[in-house]
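Trainee: Dropping the sequence and predicted coords here.
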Amino acid sequence: MKTFKILNQQACCEPSTGCCTPESTLPVAIIGAGPVGLAAAAQLAARKQPFVLLEAGNEVAASVRSWGHVRLFSPWQYNIDAAAKTLLQQTDWQEPNGEEIPTGNELIDLYLKPLAELEQIKPFIYTNHPVIALARQNHDKMKSKARNDQPFVIYTEVQGQLKTFQARAVLDATGTWGHPNPAQGNGVWLPSEKALAERIDYHIPNVAVNASLYSNKKVAVIGGGHSAINSLLNLAELKKQSPDTDITWIMRKENVEMAYGGEQNDELMARGALGSRIRQLVDEGKINVVTPFFISSLKGTESISIMGTQRGENIVLEGFDRLVVNTGSRPDYTINGELRLATDPTTESVTALASLIDPNEHSCGTVEAHGETTLRQPEQGFYVVGAKSYGRAPTFLMATGYEQVRSIVAFLAGDEESAKRVELSLPETGVCNSGAGGCC
Ligand SMILES: Cc1cc2nc3c(=O)[nH]c(=O)nc-3n(C[C@H](O)[C@H](O)[C@H](O)COP(=O)(O)OP(=O)(O)OC[C@H]3O[C@@H](n4cnc5c(N)ncnc54)[C@H](O)[C@@H]3O)c2cc1C
């Protein structure tokens, strides 16, 4: 097993070389190089704090890449972290027009990749480094004595080899995108659904690139949020060339109007426009809607059958070639098992955030800015940030995550006054005012 330490931002040294790092100079470890993890790196670089950024994928923002063909709904002005922008402006980076709305691929190629290439950041990014566990040195979860004096140990698995890092603080920015919810209405991953994995997309499929999978096929999209709407719009586009493509939209909402969201009342215009476009397609009869429908199980033979209930009656929807399941995603806390973590029982978000974001209670526009104090965990020096901090709540915006990590980094750098300040301003939005949730 190799043990790596970071000395004054120089890359790894091994114990065999006798190179030792005083604990005061240990880096901050960021887990996950999505938009929020990279913003944390920019904030740390700007404050000249040593850090390492460990990313499971073979490039930064690997999760965003998987939906890279999808256009975001927030324009560039909300998608770029302030510290990242300042660093980038010191290079020949071309800042995108703040009013325009990028696709996921553009977000990576025009902003996140150039950010990751900066000389203040690039040497400290480790791609292909999936983190498999986090712990306190020489302490399991139970042991309290001198716990806070111990560094964190971060375990990664690289090409079959275990590799560890040490850190003085850890920001878990691993998102939730890799852990989708199932189609099953009670949220249970049944073996019968798992067995159909090859015929189900749990992301927003790139229908244009993989047209043969959907063209003139009978496809059901399950879910009532924006991901489902994006999938439906892509399928409707394909239907223009392949008119026998049969599209069914299945969701739990009481009626389809609830899925259209704020439309013209949404201050994020592109998000409102998604609702209006899907309404038109439904009205034109290009999409069959089945709602409210609670899926109890799936069965696959030659075609896929969906078993469930509608207004108390047992129903089987039959004959599907393929399913697109966009029912949201959930956090995976497996890597955090040996740390003392507080999460909310309903949303699985950071506990103190739950009352701000619970979709049973809130519209998407009511989330207040929050920082280090709100995100503190019982495990001192450990923070869950970004999309993962919202748990299952679907309303996370990148700008919220940028403010989270700005505040935490200020605190870690000893700037408590800045850590306490709230510097976030988000557009108000009418989406989700129904209280039904389903923003993304
Ligand atoms: C289709 C879609 C559209 C969206 N549109 C918008 C929008 O318009 N505006 C907006 O503000 N928000 C939008 N969001 C919501 C949100 O802002 C994004 O999902 C954003 O990517 C979240 O950033 P993140 O850094 O928290 O997590 P992610 O982008 O999910 O990044 C997590 C990173 O961690 C890595 N990782 C995961 N597990 C490990 C591990 N064990 N070890 C190491 N690395 C790991 C992943 O590979 C990934 O690179 C959208 C979301 C989706 C899905």
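Mentor: Everything's here; your move.

Trainee: What is the burial count for the residue in the stretch 101-250 of the chain that the ligand sits nearest to?
Mentor: Nearest residue of the stretch 101-250 of the chain to the ligand: residue 175, at 2.3 Å (C-beta to the nearest ligand atom). (C-beta placed from N, C-alpha, C; glycine too.) Using other C-beta atoms under 10 Å, residue 175 is surrounded by 27 other residues.

Trainee: Please apply the same query to the one 5 residues further on.
Mentor: A count of nearby residues for residue 180, using other C-beta under 10 Å, gives 20.

Trainee: burial measure for residue 144, as a count.
Mentor: 9.

Trainee: An error on my part: the question was meant for residue 424.
Mentor: Quick note: residue 424 (other C-beta under 10 Å) scores 18 neighbours.

Trainee: tell me the SS of it?
Mentor: Here residue 424 is coil, with the state taken from DSSP: H, G, I helix; E, B strand; the rest coil.

Trainee: any idea how far residue 402 is from the closest residue to it other than its chain neighbours?
Mentor: Counting by C-beta to C-beta, 6 or more residues apart in numbering, the nearest residue to residue 424 once its immediate chain neighbours are dropped is residue 369, at 3.5 Å. Using C-beta to C-beta, to the nearest Å, residue 369 is found at 10 Å from residue 402.

Trainee: swap in residue 129?
Mentor: Applying C-beta to C-beta, the value for residue 129 to residue 402 is 23 Å.

Trainee: List the residues that contact the residue in the stretch 301-440 of the chain that the ligand sits nearest to.
Mentor: For the stretch 301-440 of the chain and the ligand, the shortest gap (C-beta to the nearest ligand atom) falls at residue 386, measuring 2.4 Å. By C-beta atoms under 8 Å, 6 or more residues apart in numbering, the residues touching residue 386 are 32, 34, 35, 36, 37, 173, 174, 175, 396, 401, 404, 405.

Trainee: that older thread, just confirm the residue of the stretch 101-250 of the chain closest to the ligand contacts residue 33, I think it does.
Mentor: No: using C-beta atoms under 8 Å as the test, residue 175 is too far from residue 33 to be in contact (10.4 Å).

Trainee: And for stretch 195-202, what's in contact with it?
Mentor: With C-beta under 8 Å, 6+ apart, stretch 195-202 has contacts from 180, 183, 193, 231, 298, 300, 304, 321-326.

Trainee: Need the worst-confidence member of these.
Mentor: For these, the minimum pLDDT belongs to residue 300; the value there is 93.

Trainee: State the phi and psi torsions of it.
Mentor: phi -120, psi 120 (degrees, to the nearest 10).

Trainee: State the distance from it to residue 306.
Mentor: Counting by C-beta to C-beta, the gap from residue 300 to residue 306 is 10 Å.

Trainee: ok, these two, which is more surrounded?
Mentor: Ranked by neighbour count (other C-beta under 10 Å), residue 300 and residue 306 place residue 306 first, with 23 against 16.

Trainee: who's the more buried one bridged to?
Mentor: Taking DSSP bridges as the rule, residue 306 bridges to residue 298, residue 317.

Trainee: Redo the contacts of residue 386 as a markdown table? Include pLDDT and secondary structure.
Mentor: Listed next are those as a markdown table, based on pLDDT from 0 to 100; DSSP: H, G, I helix; E, B strand; the rest coil:
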| residue | pLDDT | secondary structure |
| --- | --- | --- |
| 32 | 98 | coil |
| 34 | 98 | coil |
| 35 | 98 | helix |
| 36 | 98 | helix |
| 37 | 98 | helix |
| 173 | 98 | coil |
| 174 | 98 | coil |
| 175 | 98 | coil |
| 396 | 92 | coil |
| 401 | 96 | helix |
| 404 | 96 | helix |
| 405 | 97 | helix |
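
Trainee: hmm, which of these are the buried ones?
Mentor: 32, 34, 35, 36, 37, 173, 174, 175, 396, 401, 404, 405 (16 or more other C-beta atoms under 10 Å).

Trainee: Tell me how far stretch 297-308 lies from the chain's centre.
Mentor: Counting by C-alpha atoms, centre = their mean, to the nearest Å, stretch 297-308 is centred 29 Å from the centre of its parent chain.
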